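Colleague: Here you go, sequence then predicted model.
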Amino acid sequence: MEKDLLKFDVAVIGLGAIGSAACRHLSQGPNSVVCIGPGEPTDLKEHTGVFASHYDEARLTRIVDKDDVWSKLAARAIDSYPSIEDESGIKFHHPVGSLRVTPFHKQPRDSLAASYEVAKRNGAVVELLENGGELKARFPYFHFEECHAGVIERGGAGYVNPRAMVKAQQECAGRHGALIVPETAVDIEATDEGVVVTTDGGRVISASKVLLCTDAYTNLLLPGKELSLQTFLVSVVLAEVGKEEVENLTGMPSIIWMLDSHPIFHSVYACPPVLYPDGKEYIKIGGSEWKPHAASKPEDIVQWFHGDGRPEETESLQKILTQLLPQTRFNSFQRKSCIVTYTATNYPYVTAMDGKPTSEAQVFVCTGGCGAAAKSSDEIGRMGALLVGHGAWKYDMEEQKFAAVFSKDLQHDAYQSAMFR
């Protein structure tokens with residue numbers, strides 16, 4: 001039997017990093033807001049429902065980026081962290097600094113110099129180290145060749161705890177009156193009276209407007225309007241370090257490292273030692289593949305999260321980490337699965353979806369993190385909240401950059417264009 005019909009001005013579907021941020025921003029306005037999305041599964045290996053990528057303790061945050069849009073989004077998101085932490089009472093931001101390294105500095109294919117200039121324009125505290133000797137003097141635990149150069153970013157750069165960040169956003173939203181419904185939306189139907197949302201718990205919710213922040217699952221709720229989205233299955237490794245090694249790595253920044261002629265990875269990223277729920281500290285490493293593996297169906301995502309990544313990738317990541325930190329002793333390695341969803345434009349889709357003028361639209365999307373959702377999620381969520389709340393584009397960037405592209409219109413390679421962004 002259906003539960004009593006609940007009515008709201010706005011329903012946000014999807015409570016990952018972007019959706020939780022959108023909930024907070026919308027809750028601060030005059031509209032009644034309901035936020036719908038399941039919590040983290042208690043057992044990933046047994047779960048058969050939807051998954052998200054924020055089930056982790058560390059994601060890089062930085063302003064340094066060759067793309068001005070992504071750099072600005074990150075800068076604005078970083079500026080918001082203190083107020084979210086203060087209001088929620090939940091710490092998630094760790095400004096340990098960020099290091100971007102390349103062996104191709106000043107070569108035509110390299111983006112280090114451009115990233116440095118873009119970051120400076122957007123307020124980052126940055127310094128350029130032009131050879132391996134300077135890098136070694138500053139970071140003796142890393143191993144780089146003389147041809148390597150890097151950009152150090154201080155200020156708010158470092159990493160965020162995505163689990164804690166999502167929790168903090170929802171805590172703030174709840175304090176402002178938003179209702180959090182920990183269920184999965186399985187159907188939406190636009191009617192003359194509003195959009196009716198049905199959940200897997202049998203709950204039926206009516207809202208004047210709906211904002212989908214559902215990333216890899218967005219097209220399941222948009223029958224007949226398939227967005228051009230590609231979800232890739234990526235592997236990560238957690239390398240356990242003991243207390244002595246943690247002390248030896250004091251001051252280690254998060255890092256992005258462009259690789260020279262690696263057969264699998266174009267670049268890798270790593271975080272300094274981070275405390276995980278099992279009470280141990282791990283260095284996390286992942287990378288951007290030359291030939292990423294895509295998920296074509298929801299079942300692919302379920303199967304992927306039931307596993308431990310792809311062996312050839314996780315073994316390579318372990319080797320790269322031991323090359324990067326040759327003096328560090330690792331107690332154990334854990335292999336994990338994750339997903340990233342890219343749009344055709346390499347920017348999130350933030351737009352109305354039902355073919356009506358924006359002021360009359362009922363269904364909106366704010367989706368497609370493009371591998372950068374965590375660090376920029378608060379600002380992406382704010383963008384979506386502004387659009388839904390005003391029924392018009394009110395953000396200070398070009399609306400067309402965030403327009404939807406449909407799968408029938410374009411096959412994209414945004415992942416390739418975004419590598420080492």
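Modeller: Looks like it came in fine.
Colleague: Need the CA coordinates for the longest helix along the chain. CSV is fine.
Modeller: When the chain is parsed with DSSP state H, its longest helix is helix 68-88. The C-alpha coordinates for helix 68-88 follow below in CSV (Å, rounded to 0.1, in the frame of the first residue of the first chain):
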residue,chain,number,x,y,z
ASP,A,68,39.3,28.0,-16.1
VAL,A,69,35.8,26.8,-15.4
TRP,A,70,36.9,23.9,-13.2
SER,A,71,39.4,26.1,-11.5
LYS,A,72,36.8,28.7,-10.6
LEU,A,73,34.3,26.1,-9.4
ALA,A,74,36.9,24.5,-7.1
ALA,A,75,38.0,27.9,-5.7
ARG,A,76,34.4,28.8,-4.8
ALA,A,77,33.8,25.4,-3.3
ILE,A,78,36.9,25.7,-1.1
ASP,A,79,35.8,29.1,0.1
SER,A,80,32.5,27.5,1.3
TYR,A,81,34.1,24.7,3.4
PRO,A,82,34.7,26.7,6.7
SER,A,83,31.0,27.8,6.9
ILE,A,84,29.7,24.3,6.2
GLU,A,85,32.0,22.8,8.8
ASP,A,86,31.1,25.5,11.4
GLU,A,87,27.3,25.1,10.9
SER,A,88,27.3,21.3,10.8
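Colleague: what helices or strands is the next helix-or-strand element following it leaning on?
Modeller: Note on helix 68-88: by DSSP states H and E, the next helix or strand toward the C-terminus is strand 93-94. Here strand 93-94 touches helix 68-88, strand 158-160, going by 3 or more C-beta pairs under 8 Å, 6 or more residues apart in numbering; DSSP states H and E. All C-beta spots, glycine's among them, are computed from the backbone N, C-alpha and C.
Colleague: rerun that using 6 Å as the cut-off
Modeller: Judged by 3 or more C-beta pairs under 6 Å, 6 or more residues apart in numbering; DSSP states H and E, the packing partners of strand 93-94 are strand 158-160.
Colleague: Against which helices or strands is the strand it packs on packed?
Modeller: Other elements packing on strand 158-160 under the criterion 3+ C-beta pairs under 6 Å, 6+ apart are strand 59-61, strand 93-94.
Colleague: what's the angle from the next helix or strand after that strand to helix 68-88?
Modeller: Later in the chain than strand 158-160, the nearest helix or strand by DSSP H and E is helix 162-175. Angle, helix 162-175 to helix 68-88, by axes from the mean of the first three to the mean of the last three C-alpha atoms, to 10 degrees: 60 degrees.
Colleague: Now helix 162-175: buried residues?
Modeller: Using 16 or more other C-beta atoms under 10 Å as the test for burial, helix 162-175 gives 162-174.
Colleague: All set now, cheers.
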